[in-house]
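1. Got a predicted structure here, sequence first:
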Amino acid sequence: MRIAITASGDTLDAELDRRFDGARYVLILRSDGTFIEACTSPDLPPAGDPRRTRLCALLTEKKVKCVITGLCMSGTREILELAGIRVVEAPSKTVREAFEHFTNARRLLI
């Protein structure tokens, strides 16, 4: 499974970005923690094309199944969930810590 994490930078030690819609980077990892790539968030969109729509399309194109972010607004959450992408809100941490928190919580549910 591919997991996307919103970030302020392009490494696992970057801070988790507090807002999905305003994220500068999205880091994509496999569920085993293998780093796949760092994508820059789409630039400011043309009129009538919300940034969140372009970011959701990017994640769908990258075959992401889960997004870890600080805060995801309800409209954005709906778009992601319609695309089959689960949203997990995490406390402010580094990307690495947010991923570890997610995988530890997931193990408890299995």
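-> Now that the structure is in, tell me what you want to look at.

2. and stretch 98-107, which residues are buried?
-> Ala98, Phe99, His101, Phe102 (16 or more other CB atoms under 10 Å). Any C-beta I mention is one placed from the backbone N, CA and C, and that applies to glycine too.

3. What lies in contact with it?
-> 3, 5, 12, 16, 29, 31, 33, 66, 68, 88, 90-91, 93 (CB atoms under 8 Å, 6 or more residues apart in numbering).

4. Just the buried ones from the residues you listed, in ChimeraX syntax?
-> Selection of buried members from the contacts of stretch 98-107 for ChimeraX, criterion 16+ other CB under 10 Å:
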select :3,5,12,16,29,66,68,88,90,93
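
5. Which ones among the contacts of stretch 98-107 lie within strands?
-> Ile3, Ile5, Leu29, Cys66, Ile68, Val88 (DSSP state E).

6. which of the contacts of stretch 98-107 lies closest to Cys56?
-> Cys66 (13.2 Å; CB to CB).

7. Just the C-alphas of the one helix or strand Leu55 maps to, formatted as PDB.
-> Assigned by DSSP states H and E, Leu55 belongs to helix 51-61. Extracted in PDB, the C-alpha atoms of helix 51-61 (Å, rounded to 0.1, in the frame of the first residue of the first chain):
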ATOM      1  CA  ARG A  51      -5.500  23.200  -5.500                       C
ATOM      2  CA  ARG A  52      -7.000  20.400  -3.500                       C
ATOM      3  CA  THR A  53      -8.500  18.900  -6.600                       C
ATOM      4  CA  ARG A  54      -5.200  18.900  -8.300                       C
ATOM      5  CA  LEU A  55      -3.400  17.400  -5.300                       C
ATOM      6  CA  CYS A  56      -6.100  14.700  -5.000                       C
ATOM      7  CA  ALA A  57      -5.600  13.900  -8.700                       C
ATOM      8  CA  LEU A  58      -1.800  13.600  -8.200                       C
ATOM      9  CA  LEU A  59      -2.300  11.200  -5.300                       C
ATOM     10  CA  THR A  60      -4.800   9.100  -7.300                       C
ATOM     11  CA  GLU A  61      -2.300   9.000 -10.200                       C
END
